[in-house]
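Student: Task: produce atomic coordinates for the following.
(chains A, B, C and D, ligands or ions: 4)
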Amino acid sequence: MSRDTAVQAEPAGAASEHGKFASDAGVQRPRDGGDERAGSGAASEGGAARASVDEQRRLYTEMLRIRRFEETAARAYTQGKISGFLHLYIGQEAIAVATADLMRPGDRVVTTYRDHGFAIALGCDSGACMAELFGKATGLVGGVGGSMHFFARDKGLWGGYAIVGSHVPVAAGHAFASKYNQDGAVTFCFLGEGAMHIGATAEGMNLAGLWKLPIVFVIENNLYAMGTPLRRQSPVDDLTTRAPGWALDHDRWVVDDVVATRNRLARIAERARNEERPALVELLTYRFRGHSMSDPGKYRTKEEVDAWRKTDPLARGEAELRGAGLSDADLESIDAAVVAEMDAAVAFADASPPPAPEHRFRHHLVEDDP
Amino acid sequence: MSRDTAVQAEPAGAASEHGKFASDAGVQRPRDGGDERAGSGAASEGGAARASVDEQRRLYTEMLRIRRFEETAARAYTQGKISGFLHLYIGQEAIAVATADLMRPGDRVVTTYRDHGFAIALGCDSGACMAELFGKATGLVGGVGGSMHFFARDKGLWGGYAIVGSHVPVAAGHAFASKYNQDGAVTFCFLGEGAMHIGATAEGMNLAGLWKLPIVFVIENNLYAMGTPLRRQSPVDDLTTRAPGWALDHDRWVVDDVVATRNRLARIAERARNEERPALVELLTYRFRGHSMSDPGKYRTKEEVDAWRKTDPLARGEAELRGAGLSDADLESIDAAVVAEMDAAVAFADASPPPAPEHRFRHHLVEDDP
Amino acid sequence: MATLQIREALRHAIDEEMARDERVFVIGEEVGHYDGAYKVTEGLLAKYGERRVVDTPIAEAGFAGVGIGAAMAGLRPIVEFMTFNFSAVAFDQILNNAAKLRQLSNGQFTLPIVFRGPNAAAHMLSSTHSQAFESFYCGFPGVKVVSVATPADAKGLLKSAIRDDNPIIFFESEVMYSVKGEVPDGEHLIPIGKAEIKRPGSGVTVVTWGQGLAIALAAAELAQAEGLSCEVIDLRTLRPLDDDAVVASVRKTNRCVLVYHGWPYGGTGAEVSDRVMRLCFDDLDAPILRVCYEDLNMPYAENLEHLVIPSPARALEAIREVAYRQH
Amino acid sequence: MATLQIREALRHAIDEEMARDERVFVIGEEVGHYDGAYKVTEGLLAKYGERRVVDTPIAEAGFAGVGIGAAMAGLRPIVEFMTFNFSAVAFDQILNNAAKLRQLSNGQFTLPIVFRGPNAAAHMLSSTHSQAFESFYCGFPGVKVVSVATPADAKGLLKSAIRDDNPIIFFESEVMYSVKGEVPDGEHLIPIGKAEIKRPGSGVTVVTWGQGLAIALAAAELAQAEGLSCEVIDLRTLRPLDDDAVVASVRKTNRCVLVYHGWPYGGTGAEVSDRVMRLCFDDLDAPILRVCYEDLNMPYAENLEHLVIPSPARALEAIREVAYRQH
Ligand SMILES: Cc1ncc(C[n+]2csc(CCOP(=O)(O)OP(=O)(O)O)c2C)c(N)n1
Ligand SMILES: Cc1ncc(C[n+]2csc(CCOP(=O)(O)OP(=O)(O)O)c2C)c(N)n1
Ligand SMILES: [Mg+2]
Ligand SMILES: [Mg+2]
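Tutor: Ligands and ions are numbered 1, 2, ... in the order given. This next block holds a predicted model:
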């Protein structure tokens, strides 16, 4: 299914009922099955069934690449090859993959410190990504940024930002420039649900709504900000209740399917691009690891984690490929290639030199550059 | 009518229809007559008719005291007796008077730099207020704060603040302390509609909603932030559309009547006090003068100003007193007393000494005090 | 040479650069329809339209961030803070985004952005509205900081700032917008990073900037009447500092006084003092003295405000002291 | 004497003061259910409950403001910033509310509030998470600023800070929370405003604070091996500065080096330098030198980070230089 194919989900902006998304029970989990509205809409629009097997395989492989990259990085972290903060994207991969797949040339992604997944999905070299984590000269940003600050302008990755919420006005600025230049680009600004309660976010969203900027704000609601569940962050469970106050289109679903998520998000993006309708989208998702490597995640029950494993889009992708006829061997060979890629990434990062000492003086001011 | 009498307006939180309040026409004006919803509700609940003549006279006199105080200050400003910024409250008096009248002992008002009206309404000595504007030792805060920073703790005035929005979390902190101490007090936090788009406001309101603090946020929507009309501040005309996102009760009306405004606000306050229901109230009002003394207000048409004069609660108060049988002479004698008070305030301020030079060292740290 | 107010000089700079480069735009509160809170941008909306003269709501972090994002995308924003006091709510945007994104992105993004507006005390605005912010913004790498005190400098340095590819913090003053002076005709650019001797002298070096200049010049005049010659150096750029200009003067005079609007603890004043101490250690005949705000929140009352803000008399005292003149 | 980690010493201070005074409460991100991002507040929620150990959303301006408002109402908040880097978004609340409301209200309101958390570089957190904020917060009146480097100081000064009726900015360090040391038993209070000689010596005065202390002590050890005796003074309180302690030492040694985590331009380091220059002008035999961060955004890569952060070797060099020792 090409990214241009019309999709049939109900209109975004009307989809959300502002209902409670069971988070008040103490255990945060996806709404009990049966309610299609709560899911990506895969079933209602035929979802994955409308993607070709090739496409499914491609998207599945992309998600798997992220997962394996993250697992590999986690291992390297415990081996002491990576330091500082390392925030893994495991469980949320479908969002980056869906976004990368629907983006048009010139579109931009702005995201948080949880940024590796976007880099991989957008086509950054996994070796350069790993080398960045290792603090090497060959890293995506030369070893000066580390995990939280991946930038790849040519791939559309306009950066990973580490002060919660502060990137939201900056992303609005990217969209402002698009409107100023009439360049037709859409900016996708990702933020955690924890970033919905800080001032910069509110300011950026109001400006986007006021100026009708070509931007889609996507909340990756993984239900926790570090150890703080949504119910201790905000008195509302449905964060799209804030959209009308800024005149933003809105939509909200559980990310259980990469194809449906892509399609539903694509339509919202095209309205932002063509109809001056910026949007706020809330994607319910889950991170299977702790907030960062130092977080044991004791604030969650095994029960809760297991409930979310059932809707893991990667597992679903695998099941669908099997359903479409792929064998164990087929899947193993996909995985083997991905694992080999990540092994090579580590080897590359290991073999790379650290930044030259003079590199620390570079890039502060333009005149610092040689 | 005592402040305890139940009022019959429709429930706050349900009253607002999030309708457009004609501001997209270029001319900002009250909704054309006939729609009671848009007004304070005076007609629907019997309004002023249910206040005794004594009470009406008292509230009218309070409003008049503020107006005359402001006019007197404006004159003193042009005479060079007052300097810095001077933001007048002319047109908005009913809000301060209504609030002061419904407050219970221990309740607090936190407001902006447009703060004289609250000081007068809360019973601060008009001489001390004028002396503050004159920068005198006898001023409300000893001449160190000036127009923008009136404080009178014993009267419930917990301050005038001059960084837009920054007082909103502080006011939430006052309410937090009330909840912590179970002191039964309500904090009334006033802000301009221009303060609804800055981060601190959003943060403070979310915290208040999250923690169910005993606070009522009151937007004094006078349609302009300096020269910027609401339509260039925000994509929504009804700012209470933001309340659901923070789980705040909400209500919204045109302030054309002091009694009705008091009654409607009182009920909201009691819910904040007794039922853990913080609220966001939007009061449509108008300032007849410029933003501050240096603003000629060229961004408004005479037409628009005239339209608002028709709903000036002070004029309405006067008309109702006449209707209740007060003569020209009665009204003139009220005014004469008020004018005399303000003349005395000026005389007091004139005669007062400037702060002692050492006073500038005081009150930074507790050990600075003698 | 035309005689212009500082406000006009600034306006001409913006106007010329907007005419020259389509990517330059102005954004801030009241910059457009209101023609600027202090009329610096007067007439620009009429000339360039809403696309390039952008009124904002009160949301300093928001519109500073929008400026930063727009700069990353290749535009050249001029962000007006109505006064720098209000930049306190945008502090994070300047510290963590404007000053860092070029380095964090390893040079992938460049941020040609100017943050400008009036700074420090005006007249009787009390403590939240009377603060000098250069000491905060000079304190970290990744930005340049400019402070202007004459119409010619205002125009020449603002034009250079707009053309500079780095984030620039550009300080003006409410009470100086109407100050008049000659401004060279035609293309007038002053390089960032160069101090200027505003009054040559031989006895005491007086280093100053911004609102300090008028005080320093007045004090120099008073000193001259007492037979004490002062060399007044206007730093103009506060980061990077023009060490050479200051050092050359102090090597000659062996004495140094600083005169500026701002708090005494740390900041730009202490930095200049430290550098002079270090670079001219063997040349100094007296301790370096700083004449600035008293270490107090600015009071509203006029008599108190006058005591807190440095005066020519206080500057003269310091000049006498470093020259070991008793009076 | 008990041997405690700094994190434990801080926790004991908070615990004792919460037990002593019902008005004391803790507020911040992850302070309660998560037991503190760095476990300083571990166990306090269990002991004192949600009323007095308050988890917040990510809203530093919001909860700093709530703390300020609560303090005005008579409570005694301890506001934790997960790290001081995140206080950048609350800068206005500290500058314009915490530091000013007592004076603006002419003493009607008093603000007994502590803002605390780790400060400056930890390890490989790159530029937005490796900043030393004391230079910003020391720069204005209305607050006191404390920085602790040992368990005993951590406990004694935090207890004093909580009992102090003024707004206090209290700096700790991520990389020092596990540092152990002896802490006196029983009621242990250290007065705010007093520096301490952490190593007596005679040849060079080394002034330091916070993470600088370990570097300074290591450098003093290296210098001793070369026959150079250093007196290491830990300022502990950065505002107000204990001039007397520093001056007394420099009058004796005639030489001064500063060692600290923080940028070189301005700030606390330049302020100390300026005061020593002024107050010990005739005593100084060499320029005062400062050993601190290079004037750069902190890079992630370990080798680069090591170059930017001051090391004992760099401190030793400066010590040699002020002692005019060639190597
Ligand atoms: C202003 C600010 N405050 C605190 C932090 C520390 N911090 C980093 S990530 C995080 C949690 C963010 O949660 P959320 O927005 O939900 O994103 P997630 O990590 O779940 O993807 C916190 C508190 C920060 N980086 N910036
Ligand atoms: C953070 C901040 N930005 C800008 C200003 C300058 N300023 C003072 S009042 C004002 C307009 C406020 O409008 P509104 O909130 O509607 O209140 P009103 O004056 O109409 O009562 C502005 C822009 C300020 N004081 N603080
Ligand atoms: Mg989250
Ligand atoms: Mg207004």
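Student: Which pLDDT value belongs to the closest residue to residue A:312 other than its chain neighbours?
Tutor: Spatially, and ignoring its direct neighbours in sequence, residue A:312 is nearest to residue A:91 (6.5 Å; Cβ to Cβ, 6 or more residues apart in numbering or on different chains). The way it works is simple: take the backbone N, C-alpha and C, and place the C-beta from them, glycine included. You'll see residue A:91 listed with a pLDDT of 98.
Student: If you drop the residues flanking it in sequence, what lies closest to the residue of the stretch 151-300 of chain C found nearest ligand 1?
Tutor: Using Cβ to the nearest ligand atom, the single residue of the stretch 151-300 of chain C nearest to ligand 1 is residue C:167, 20.6 Å away. Among residues not flanking residue C:167 along the chain, residue C:98 sits closest, at 4.2 Å (Cβ to Cβ, 6+ apart).
Student: ditto for residue A:194
Tutor: residue A:225 (2.5 Å).
Student: can you pull the contacts of that neighbour?
Tutor: A:164, A:192, A:193, A:194, A:195, A:233, A:291, D:29, D:57, D:58 (Cβ atoms under 8 Å, 6 or more residues apart in numbering or on different chains).
Student: Weed out the non-buried ones from those.
Tutor: A:164, A:192, A:193, A:194, A:195, A:233, A:291, D:29, D:57, D:58 (16 or more other Cβ atoms under 10 Å in any protein chain shown).
Student: now the helices for the chain?
Tutor: Chain wasn't specified; assuming chain A. Along chain A, the segments classed as helices by DSSP state H run A:53-78, A:93-102, A:116-121, A:126-133, A:167-181, A:199-211, A:258-274, A:302-309, A:313-323, A:328-351.
Student: oops, chain C please
Tutor: In chain C, the helices defined using DSSP H lie at C:6-20, C:44-48, C:60-72, C:91-92, C:101-104, C:134-137, C:151-163, C:212-225, C:243-253, C:267-279, C:302-308, C:312-322.
Student: hmm, the fourth one touching ligand 2?
Tutor: Which is helix C:91-92. No - judged by Cβ under 6 Å from any ligand atom, helix C:91-92 stays clear of ligand 2, getting no closer than 11.6 Å.
Student: So which elements touch that helix?
Tutor: Here helix C:91-92 touches helix D:91-92, going by 3 or more Cβ pairs under 8 Å, 6 or more residues apart in numbering or on different chains; DSSP states H and E.
Student: what do you get if the cut-off is 7 Å, keeping everything else the same?
Tutor: Judged by 3 or more Cβ pairs under 7 Å, 6 or more residues apart in numbering or on different chains; DSSP states H and E, helix C:91-92 is in contact with no other helix or strand.
Student: now swap in the first one and tell me
Tutor: Here helix C:6-20 touches strand C:24-28, helix C:44-48, helix C:151-163, going by 3+ Cβ pairs under 7 Å, 6+ apart.
Student: Skip the chain neighbours and tell me the closest residue to the residue of the stretch 101-250 of chain C found nearest ligand 2.
Tutor: Closest to ligand 2 within the stretch 101-250 of chain C is residue C:129: 7.5 Å, counting by Cβ to the nearest ligand atom. Spatial nearest neighbour of residue C:129, excluding adjacent residues (Cβ to Cβ, 6+ apart): residue C:85 at 5.2 Å.
Student: quick one: contacts for the one you found?
Tutor: C:128, C:129, C:131 (Cβ atoms under 7 Å, 6 or more residues apart in numbering or on different chains).
Student: Backbone dihedrals for the last one, both of them.
Tutor: When quoted as degrees, to the nearest 10, the phi and psi of residue C:131 stand at phi -110, psi 140.
Student: which ones are touching it?
Tutor: C:85, C:120.
Student: cutoff 8 Å now
Tutor: Residue C:131 touches C:84, C:85, C:120, C:121, C:298, D:95, D:140, counting by Cβ under 8 Å, 6+ apart.
Student: ok so, going back, from ligand 1, how far off is the residue nearest to residue C:167?
Tutor: With distances taken as Cβ to the nearest ligand atom, to the nearest Å, residue C:98 is found 16 Å from ligand 1.
Student: what's the spacing between that residue and residue D:155?
Tutor: Distance of residue C:98 to residue D:155, given as Cβ to Cβ, to the nearest Å: 39 Å.
Student: pLDDT score assigned to the residue nearest to residue C:129?
Tutor: 98.
Student: pLDDT weak spots in the stretch 201-327 of chain C?
Tutor: Scanning the stretch 201-327 of chain C with the threshold set as pLDDT under 70 gives C:327.
Student: you'd agree residue A:109 is up against residue A:188?
Tutor: Yes - taking Cβ atoms under 8 Å as the definition, residue A:109 is a contact partner of residue A:188 at 5.0 Å.
Student: shared neighbours of those two, anything?
Tutor: Here residue A:109 and residue A:188 have A:99, A:103 as joint contacts, going by Cβ under 8 Å, 6+ apart.
Student: about what we covered before: if I read this right, the residue nearest to residue A:312 contacts residue A:311, doesn't it?
Tutor: No - using Cβ under 8 Å, residue A:91 makes no contact with residue A:311, being 9.7 Å away.
Student: any common contacting residues for those two?
Tutor: residue A:286.
Student: tell me the contacts of residue 119?
Tutor: You didn't pick a chain, so chain A it is. A:129, A:140, A:150, A:152, A:155, A:157.
Student: oops, I was thinking of chain C
Tutor: Residue C:119 neighbours (Cβ under 8 Å, 6+ apart): C:83, C:84, C:132, C:133, C:134, C:147, C:171, C:172, C:173, C:210, C:261.
Student: how close does it sit to residue C:137?
Tutor: 10 Å.
Student: for residue A:58, same thing?
Tutor: 48 Å.
Student: so which of the contacts of residue C:119 would you say is closest to residue A:216?
Tutor: residue C:84 (33.7 Å; Cβ to Cβ).
Student: Around the closest one, how many other residues sit close by?
Tutor: 25 (other Cβ atoms under 10 Å in any protein chain shown).
Student: do residue C:187 as well
Tutor: 9.
Student: what do you get for the one 10 residues further on?
Tutor: Using other Cβ under 10 Å, residue C:197 has 14 other residues around it.
Student: mind listing what it touches?
Tutor: C:231, C:232, C:233, C:234, C:245, C:249 are the contacts of residue C:197 under Cβ under 8 Å, 6+ apart.
Student: Let's see if you can find the most crowded of the residues you listed.
Tutor: Neighbour-wise, these (other Cβ under 10 Å) top out at residue C:233, 29 neighbours.
Student: For residue D:199, see how far away that one is.
Tutor: Residue C:233 is 41 Å from residue D:199, by Cβ to Cβ.
Student: Let me have the contacts of residue A:225 in JSON lines, adding pLDDT and distance to residue B:133 as columns.
Tutor: Output for the contacts of residue A:225, formatted as JSON lines (pLDDT from 0 to 100; distance: Cβ to Cβ, whole Å):
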{"residue": "A:164", "pLDDT": "98", "distance to residue B:133": "42"}
{"residue": "A:192", "pLDDT": "98", "distance to residue B:133": "47"}
{"residue": "A:193", "pLDDT": "98", "distance to residue B:133": "47"}
{"residue": "A:194", "pLDDT": "98", "distance to residue B:133": "45"}
{"residue": "A:195", "pLDDT": "98", "distance to residue B:133": "43"}
{"residue": "A:233", "pLDDT": "98", "distance to residue B:133": "43"}
{"residue": "A:291", "pLDDT": "95", "distance to residue B:133": "52"}
{"residue": "D:29", "pLDDT": "98", "distance to residue B:133": "42"}
{"residue": "D:57", "pLDDT": "98", "distance to residue B:133": "40"}
{"residue": "D:58", "pLDDT": "98", "distance to residue B:133": "40"}
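Student: and of those, the nearest to chain C?
Tutor: Among the contacts of residue A:225, residue A:164 lies closest to chain C (Cβ to the nearest Cβ), at 10.3 Å.
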